[in-house]
Structures are given as structure tokens and as C-alpha cells.
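1. Turn this into a structure:
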Amino acid sequence: MRIAPFQVACLVLLMISAAALHAAPAVPGSCEGLASLTLANVTITKAEVVGAGGLTLPAGRGGAGFSDLPAFCRVAATLKPSSDSNIKMELWLPASGWNGKFEANGNGGWNGSINPPALAAGLRRGYAASMSDLGHEGASASFAFGHPEKLVDYGYRAAHEMTVVSKAIIAAYYMQPIKDSYWTGCSAGGRSALMEAQRYPADFNGIIAGSPGLDWTGRALQSVWVAQATHKSDATYLPPGKYALIHNAVLKACDAKDGVTDGVLEDPTACGFDPKELECKGEDGPFCLTSPQVETARAIYSPVLNSRTKQTIFPGFERGSEIGWATMAGPQPFAIGSDLFKFVVFHDPEWDYRTFNFDSDVARTEKAENGLLNATDANLKPFMDRGGKLIQYHGWADPQIAPGSSVRYYKKVLDTMGGAAKVESFYRLFMVPGMAHCGGGDGTSTFDMLAALEQWKEQGKAPEQIAASRMRDGKVDRTRPLCPYPQVAKYKGTGSTDDAANFSCATP
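-> Model prediction:
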């Protein structure tokens, strides 16, 4: 008799639960008893009760702001799924008031660290919350140099292993099944989110992928593209003092196109501003761009191209992102991007970005990635078939991961899975006007994606729009609805343009 894939997944989950129950602490809810829990390739290094408001952290680890935490069981473990793996993780379990759900948190950049504020946020909402260091310490990719198994851990294995272990510990502690499991992450954590949906569709019921570095090599290639254009010569360097000059010119040219003059482009792809409009008529000055500076600005906006075939490799940054251009157009190349080439592609810590060839070296980059880092598989059918829900969001003014990469992936999923009518039942993309990388910027970049995901998964209420606000001087000064792509927020024509009630989501 042939066993269906979903039946296999159910059997695996039952086996995990059975193993956890077999090794459960003697008294259900005994935190200290978790120290004796036996799981394959796992060493539990800490299982301690932390009293209400009693969390203390070493200096430099963000210990402020934990006085309001409820009592919880803090579990630390080391996972070794391979001979060269050393994945550290923590799981915080509410001592009472558990909502029956599990939340896993993603990391940023190449970061190998566990972020207590992220775990605390989940705990406050009643979640059992976990996070790992992805198998290494530090913010550099140097860990991957000569350690291919550690690159696998970073790429996808650590997130999955942490999830499996967390579920087993939760089952042992509470002696009852988990209602729902959610992943939330931004940037590299958004990349991990999509990797989970693509590789391990049974891990989570709901996933939030924020500003995802889903095309990890594409973003790295863009960092070199921008660095080469910026430092082609002394004349091509774009002084940071001119970022605002370009930004203000963009707003002057395009801000009103969406019907509201508010310092934010609702859809920057509708803006065709050319930096040449700022070209100096005579000598260089603070209120104009030299000809080489014009070309640099154009390169930042333009997609990354193969030098021989002229094929688009990765989208450029959007109009409206100029204030953040120091991220990639600063004095030094973007470190997260250059690290990929130093430690994964060329295996040379002294590698010079100026030597990169956008014809031959692109193929070498893709070969080195070898399916470990890019979360670009558009077949999300296994995740959809399990009833999973996915919310992806990205700021249009992101100066670190080009927002067009999210749009491109979303469209690829539509093409792969039969169009918007089918895909919107489980996957929606929200583009955030004016938002920088994972937050900030001039747009309404404060919102609760997890609440929207919970309503969708648990109540069947699909997010037709998501409430968002902007904070200035500690106060909300603007609210807007975020709309599922390709819809945008349209002004109704009356009332304050800082009030979300005066906008509706509509197709442009």
C-alpha cells in the first residue's frame, strides 16, 4: 500500500512526540527535569526556572526591558546534526498561561547569536519561543571558511533542527500537543522563513518572511555591482551629503503621482526620475551632481546585469531609497555581500571586489552556493497543501535588499502555481511604502504581522489589509493600511492624509 507524503509527515510527528513523552521529566511542567531529556544529537546545557521579572543577562546582551516578563522555563541546548556542527539554541517556555503555540525566530545577516528581546517578545504573547545561533558565533561568514557543514547549518539545517528539538521539548514540558507553530524573521531571518516553507513544509503552520534575503547570492552580487560603480575612480564616489539632494529631487518629481503629497512614494516603480536632471551645469557643488556621480546614481538604480549577455541578475534599488545608500555605496563594500565571496566563493579572506567579473564569476558564485543559501524555489504546493499560511513583506525604500527581489519571487510563485486566485488563499505579499530595511524610513513601518497571521491561520480571516503606523518623537503621527500586492493604498479624496480611515486598498 502506498503511503501519501502527508501521512509520512504525520507519522514522523507522532514519533517525535512519543520520544519526547518517553523522555519527559518525572513531573509534567518540571523545568529542571528537562535537563535529563534524551534527544538524538542534542545536549541540554541548561534548564532553569526564571522568576517573573527575574531575567538577568551579561553586559552588552540587551538586558534592559525584561522586568515585565512572566516566570518561564529557560532551556539552552547544543545540537550536533553533523560531525562539524555546533548549533546553540534557547527555548523559553511560559511557566503558566501558555497559549498552546510555538514561535521560532530568525537571525539577521551572517549573525550567529541568540537575541533575548526576540524571545521575550514571544514570551509576552504567551508563546513558547526559540532561537538559534545558526551554528556559529559572530557576524562574519568566516565560520564557513573550510567548514562546509557549518555552511549547511547556516543555510537551512540549523533552523530545522532547532524546530524539531523545540517541539520535542515543548511536548515533554507541557505534556500536550502544540496548536500552531509560527516562524517570524526579517532579512536573513526572512530568507530562513522561505527556506522553511520550501524545504520543510511540515515545520510551521504559519510563516512571516520580512524583507527576505531570499536571493542571497543576488544581493551579494549587487553589493559588488554598487561598490565597483561607486569606486571606479575618485570622481565616481557619491558623497553622502548628496543623498538628500537626490532624494528630495525624487520626491519633487514623483511624490504627487499617487494622489497624495506626503514625502513617500506609494509605488516607486511608477517613478522614472533620472539623476541626470541634477547634473551640474558648471563646476561641482552641493546642489548638483557631476557627470560621474550621475552615472553612479544610475548604477544604484539599475539592475545587476551579466556583462556579456546583459541578462538581469538582480533588481536595482528603487527611487526613494537614497537616504540609506551609504549601506552599499559607502567608503567600503557592503560586508555581508563581500563575505560571501571571501569565504564561500573564492576561499580567500583577502579577495578584492574590484577583480570580480560579471560574466565568468557569476556562474562560479552560483556553483559555490549550490542550493544552500538561496530560498528561490517557487513550488510552495507542499506548504499550501498542509494548510500553511505565508505573509511576506518588504519596504519599498529598502537600501540593503532590493525590494524588487520580493516582487520577482512572488510573481514567480504565481507563474508556478497557477495564478493569483490560487496563491492568495495561502500566500500574500505586502510592500511597505517608504520603509527602509526591516523598519524605519519615512513610511508607516510599525505593524503587527504576527497578529494578522494568527487571524488568517486560526480564524480563517485573510489579511485584506494590515494596519500600520509611523512613530515620530515617541508618538503616532500617521496611520495607513498596508495592501496585498499589487494593490496600493488609495486616498478617498477627503479627510486627513495621515489617517488610515481615509484610504482604501485598490489595484493601481
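2. Going by C-alpha atoms from here, please, whenever you check contacts or count neighbours.
-> Will do.
3. Return the per-residue confidence for the most far-flung residue of the chain relative to its centre.
-> Residue farthest from the centre of the chain, counting by C-alpha atoms, centre = their mean, is Gly282 at 44.1 Å. Gly282 carries a pLDDT value of 93.
4. quick one: it and Phe273, what's the gap?
-> Counting by C-alpha to C-alpha, to the nearest Å, the gap from Gly282 to Phe273 is 21 Å.
5. now do Ser67
-> For Ser67 relative to Phe273 (C-alpha to C-alpha), the value is 49 Å.
6. Which residue of these two possesses the greater neighbour count?
-> Ranked by neighbour count (other C-alpha atoms under 10 Å), Ser67 and Phe273 place Phe273 first, with 17 against 12.
7. can you tell me how far the more buried one sits from Ala297?
-> In this view, Phe273 and Ala297 are 11 Å apart by C-alpha to C-alpha.
8. ok, now Gly213?
-> Separation of Gly213 from Ala297 (C-alpha to C-alpha) stands at 23 Å.
9. which residues does Ala104 contact?
-> Taking C-alpha atoms under 8 Å, 6 or more residues apart in numbering, we find Ala104 in contact with 129-131, 163, 181-184.
10. where does it land on pLDDT?
-> Confidence at Ala104, expressed as pLDDT, is 98.
11. before we move on, what about Ala202?
-> So Ala202 comes in at 98 (pLDDT).
12. Next, it: secondary structure please.
-> Per DSSP: H, G, I helix; E, B strand; the rest coil, the secondary structure class of Ala202 is coil.
13. Now do the helices in the stretch 401-508 of the chain.
-> 404-417, 420-423, 449-459 (DSSP state H, counting those that start in this stretch).
14. would JSON lines of those with mean pLDDT be doable?
-> JSON lines is the format used below for the helices of the stretch 401-508 of the chain (pLDDT from 0 to 100):
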{"stretch": "helix 404-417", "mean pLDDT": "98"}
{"stretch": "helix 420-423", "mean pLDDT": "96"}
{"stretch": "helix 449-459", "mean pLDDT": "98"}
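15. taking the ones you listed together, which one is wrapped up most tightly?
-> Greatest average neighbour count among those goes to helix 404-417 (a mean of 18), per mean count of other C-alpha atoms under 10 Å.
16. show me where the stretch 151-300 of the chain has helices.
-> Using DSSP H, counting those that start in this stretch, helices in the stretch 151-300 of the chain cover 158-174, 188-199, 216-230, 243-254, 291-301.
17. can I get the ones you listed in a markdown table with mean neighbour count and distance to Ala76?
-> A markdown table is the format used below for the helices of the stretch 151-300 of the chain (neighbours: other C-alpha atoms under 10 Å; distance: least, C-alpha to C-alpha, whole Å):
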| stretch | mean neighbour count | distance to Ala76 |
| --- | --- | --- |
| helix 158-174 | 24 | 10 |
| helix 188-199 | 26 | 20 |
| helix 216-230 | 24 | 29 |
| helix 243-254 | 18 | 45 |
| helix 291-301 | 21 | 43 |
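18. How much space separates the residue farthest from the centre of the chain from Pro275?
-> 16 Å.
19. hang on, the earlier thing: let's have the helices of the stretch 401-508 of the chain in CSV, adding distance to Asn41.
-> Formatted as CSV, those follow (distance: least, C-alpha to C-alpha, whole Å):
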stretch, distance to Asn41
helix 404-417, 35
helix 420-423, 38
helix 449-459, 31
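20. Out of those, which is closest to Pro292?
-> When the helices of the stretch 401-508 of the chain are compared by C-alpha to C-alpha, helix 404-417 sits nearest Pro292, at 25.5 Å.
21. Report how many residues lie close to Leu55.
-> Neighbourhood size, Leu55 [other C-alpha under 10 Å]: 21.
22. Within the helices and strands, which one has it?
-> Counting by DSSP states H and E, no helix or strand carries Leu55.
23. hang on, the earlier thing: just among the contacts of Ala104, which is most surrounded?
-> Most neighbours among the contacts of Ala104, by other C-alpha under 10 Å: Ser130, with 32 neighbours.
24. where does that residue land on pLDDT?
-> Ser130 is assigned a pLDDT of 98 by the prediction.
25. what does Ala24 give?
-> You'll see Ala24 listed with a pLDDT of 41.
26. before we move on, what about Asp180?
-> 98.
27. residues touching the residue farthest from the centre of the chain, list them.
-> Contacts of Gly282 by C-alpha under 8 Å, 6+ apart: none found.
28. give me that answer again for 10 Å
-> When contacts are counted by C-alpha atoms under 10 Å, 6 or more residues apart in numbering, Gly282 touches 288, 290.
29. Repeat that for Tyr127.
-> By C-alpha under 10 Å, 6+ apart, the contact set of Tyr127 is 92-94, 97-104, 119-121, 181-182.
30. cutoff 7 Å now
-> Contacts for Tyr127 (C-alpha atoms under 7 Å, 6 or more residues apart in numbering) come out as 98-99, 101-103.
31. out of those, which are buried?
-> Applying 16 or more other C-alpha atoms under 10 Å to those, the neighbour count classes 98, 101-103 as buried.
32. Can you flag which of these belong to strands?
-> Members of these lying in strands (criterion: DSSP state E): 101-103.
33. which other residues reach stretch 73-83?
-> Outside stretch 73-83, the residues touching it (C-alpha under 7 Å, 6+ apart) are 31, 41-50, 86-95, 149.
34. same check, this time on stretch 475-485
-> By C-alpha under 7 Å, 6+ apart, stretch 475-485 touches 428-432, 444, 464-471, 489, 498-500, 505.
35. repeat for stretch 222-240
-> With C-alpha under 7 Å, 6+ apart, stretch 222-240 has contacts from 292-293, 296, 299-300, 304, 314, 326, 328-329, 333-334, 337, 353-354.
36. average model confidence for it?
-> Mean pLDDT, stretch 222-240: 98.
37. quick one: it to chain centroid distance?
-> Distance of stretch 222-240 from the chain centroid (C-alpha atoms, centre = their mean, to the nearest Å) equals 26 Å.
38. Please apply the same query to stretch 414-428.
-> With C-alpha atoms, centre = their mean, you get 21 Å for stretch 414-428.
39. Report the contact partners of Gln332.
-> Counting by C-alpha under 7 Å, 6+ apart, Gln332 makes contact with nothing.
40. Hmm, Phe273 and Val250 touching each other?
-> Yes. Here Val250 reaches Phe273: they are 6.1 Å apart, a contact under C-alpha atoms under 7 Å.
41. Just give the nearest non-adjacent residue to Val152, would you?
-> Closest residue to Val152 apart from its sequence neighbours, by C-alpha to C-alpha, 6 or more residues apart in numbering: Leu372 at 6.2 Å.
42. Could you do Ala118 as well?
-> Asn105 is the one closest to Ala118 (C-alpha to C-alpha, 6+ apart), at 7.0 Å.
43. quick one: least confident helix or strand in the protein?
-> Sorting the helices and strands of the chain by mean pLDDT, DSSP states H and E puts helix 5-22 at the bottom, at a mean of 41.
44. Following the chain onward from that helix, which element is next?
-> Following helix 5-22 in sequence, per DSSP H and E, is strand 42-50.
45. Please list the outside residues in contact with that following strand.
-> 31-32, 34-35, 71-80.
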